[in-house]
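> got a structure for you, letters missing:
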């Protein structure tokens with residue numbers, strides 16, 4: 001004889017049917033709703049319910065009892081669970097945070113979970129503490145001692161603000177084919193060759209590259225980006241000397257923008273990015289001829305974010321160069337295809 005009989009009214013039956021049909025609830029809640037619906041008016045036996053829902057008869061009995069004694073809501077919802085008590089009290093957790101934010105011991109570049117646990121034990125009355133507890137507390141406080149970010153902080157003095165506003169005003173000007181605005185920068189690329197042939201991707205298996213590789217030298221990439229046209233050019237060279245910079249500027253005015261009156265170049269403060277580089281590379285008359293058609297506009301120090309060529313270099317690295325490239329000829333060919341698609 002069933003001790004707790006389930007008899008549902010129309011509203012309760014409708015609510016339970018909605019829970020089981022929508023699939024927007026937890027598996028536990030749906031299972032309890034199914035138990036109550038199948039127990040309604042003794043449609044199914046306990047054995048049949050247990051077999052169909054793959055549950056124990058104690059679960060069926062408990063769900064029915066909660067329904068009869070406390071009602072539908074208590075039968076299908078869980079009570080709040082206290083969970084396992086915290087291993088660290090507030091003071092111990094505050095001490096852990098302070099240790100994590102301090103300098104690591106001499107001979108170590110960063111704190112590890114085990115080192116943090118050992119240090120915490122030595123400073124408190126704790127006898128043991130697991131790395132998992134340390135990890136959870138660090139996670140709760142958004143602390144990641146294994147991560148470090150590098151950045152340059154610009155000094156917001158009058159010179160910084162003056163150059164920043166000058167460059168922003170330049171960007172805000174309408175497009176003028178006779179006075180184009182070109183962003184210019186450079187980036188290095190390590191040439192790397194495979195020692196063992198990579199294994200291509202197959203269904204169910206990712207592509208594999210051997211950890212071992214062979215260095216094949218360095219290459220430099222000069223990036224040109226037209227502020228208004230969205231045109232870009234990646235020029236590969238062996239180095240980034242004053243002569244290489246001067247050749248880029250001559251190519252810019254003679255080949256890329258031969259009809260322009262003046263090409264306005266936005267660039268950073270690298271030591272080669274100056275008029276003197278052209279005099280090092282060319283006779284004075286030739287250097288003067290090129291410079292008459294150039295205007296240099298410098299970003300503030302530590303403000304590379306103002307140079308749109310930096311963004312394009314990031315796109316280039318992500319879309320084209322995020323792989324091993326063995327030689328300069330292959331690099332030039334790959335960049336040519338990328339450049340054509342981008343333009």
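Happy to help now that I have it. If you're wondering where the values come from, they're calculated on a predicted model, not measured in any experiment.

> Not counting its neighbours along the chain, what's nearest residue 275?
residue 291 (5.7 Å; C-beta to C-beta, 6 or more residues apart in numbering). (C-beta placed from N, C-alpha, C; glycine too.)

> where are the low-confidence patches of the stretch 51-200 of the chain?
79-85, 152-153 (pLDDT under 70).

> Strands of that one, start to end?
Per DSSP state E, counting those that start in this stretch, the stretch 51-200 of the chain has strands spanning 181-194. These are given in chain order.

> which residues in it form helices?
Under the criterion DSSP state H, counting those that start in this stretch, helices of the stretch 51-200 of the chain are mapped to 57-70, 72-76, 90-100, 113-123, 131-140, 158-172.

> Neighbours of residue 170, how many?
14 (other C-beta atoms under 10 Å).

> Same check on residue 201?
Applying other C-beta under 10 Å, I find that residue 201 has 10 neighbouring residues.

> need the contact list for it.
residue 207 (C-beta atoms under 8 Å, 6 or more residues apart in numbering).

> per-residue confidence at it?
What the model reports for residue 201 is a pLDDT of 90.

> Likewise for the one 3 residues further on?
On pLDDT, residue 204 comes in at 87.

> And it, how far from residue 46?
Distance, residue 204 to residue 46, using C-beta to C-beta, to the nearest Å: 44 Å.

> again with residue 129
46 Å.

> Mind checking which of these two has more residues around it?
residue 129 (21 against 16).

> domain parsing for this protein?
10-76, 90-140, 158-342 (automatic domain parsing).

> The residue nearest to residue 275 contacts residue 276, doesn't it?
No. In this structure residue 291 lies outside contact range of residue 276 using C-beta atoms under 8 Å: 10.3 Å.

> Give me the more crowded residue out of the two.
Legend: neighbour count by other C-beta under 10 Å for residue 291 and residue 276, higher for residue 291 (16 against 12).

> What are the phi and psi values at residue 236?
Main-chain dihedrals, residue 236, degrees, to the nearest 10: phi -90, psi 130.

> One more: residue 239?
Torsion angles, degrees, to the nearest 10, at residue 239: phi -140, psi -180.

> how much space is there between it and residue 181?
Residue 239 is 27 Å from residue 181, by C-beta to C-beta.

> Neighbour count: the two, which is higher?
Each of residue 239 and residue 181 has its neighbours counted (other C-beta under 10 Å); residue 181 has more, 22 against 10.

> Give me the phi and psi for the residue nearest to the more buried one when sequence neighbours are not counted.
Distance criterion C-beta to C-beta, 6+ apart; nearest residue to residue 181, sequence neighbours excluded, is residue 227 at 4.0 Å. Residue 227 has phi and psi values of phi -60, psi -40 when expressed as degrees, to the nearest 10.

> can you count the residues close to residue 227?
18.

> For residue 259, see how far away it is.
Counting by C-beta to C-beta, the gap from residue 227 to residue 259 is 17 Å.

> Quick one: classify residue 222 as helix, strand or coil.
strand (DSSP: H, G, I helix; E, B strand; the rest coil).

> Over to residue 218?
Strictly by three-state DSSP, residue 218 counts as strand.

> tell me which residues form a beta bridge with it?
With DSSP bridges as the criterion, residue 218 is bridged to residue 190.

> Next up, the contacts around it.
Listed by C-beta under 8 Å, 6+ apart, the contact set of residue 218 reads 188-191.

> Am I right that residue 331 is in a helix?
Yes. Checked against three-state DSSP, residue 331 lies within a helix.

> For it, report the pLDDT, please.
In this model, residue 331 carries a pLDDT of 95.

> Please name the nearest non-neighbouring residue to it.
residue 325 (5.1 Å).

> shouldn't the one you found be in contact with residue 194?
No. Taking contacts as C-beta under 8 Å, residue 325 lies outside contact range of residue 194: 10.5 Å.

> neighbour-wise, which of these two wins?
It is residue 325, of residue 325 and residue 194, that has more neighbours when counted by other C-beta under 10 Å, with 21 against 13.

> right, and the secondary structure at the more buried one would be what?
Secondary structure of residue 325, per three-state DSSP, is coil.

> How about the backbone phi and psi for the nearest residue to residue 77 once chain neighbours are set aside?
The shortest distance from residue 77 to any non-neighbouring residue, by C-beta to C-beta, 6+ apart, is to residue 29 (7.0 Å). The phi/psi pair for residue 29 (degrees, to the nearest 10) reads phi -70, psi -40.

> got a list of what residue 29 touches?
Neighbours of residue 29 in contact, by C-beta under 8 Å, 6+ apart: 19, 76-77.

> again with residue 252
182, 224, 263, 265, 294.

> Next, give me the two most distant ones among the residues you listed.
Among the contacts of residue 252, the pair separated by the greatest distance (C-beta to C-beta) is 224 and 294, at 13.0 Å.

> And those two? Which one has more around it.
residue 224 (20 against 17).

> hang on, that one packs against residue 180?
No. Using C-beta under 8 Å, residue 224 makes no contact with residue 180, being 10.4 Å away.

> As a markdown table, the contacts of residue 252 with distance to residue 98 would be great.
Converted to a markdown table, these look like this (distance: C-beta to C-beta, whole Å):
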| residue | distance to residue 98 |
| --- | --- |
| 182 | 51 |
| 224 | 50 |
| 263 | 56 |
| 265 | 50 |
| 294 | 55 |
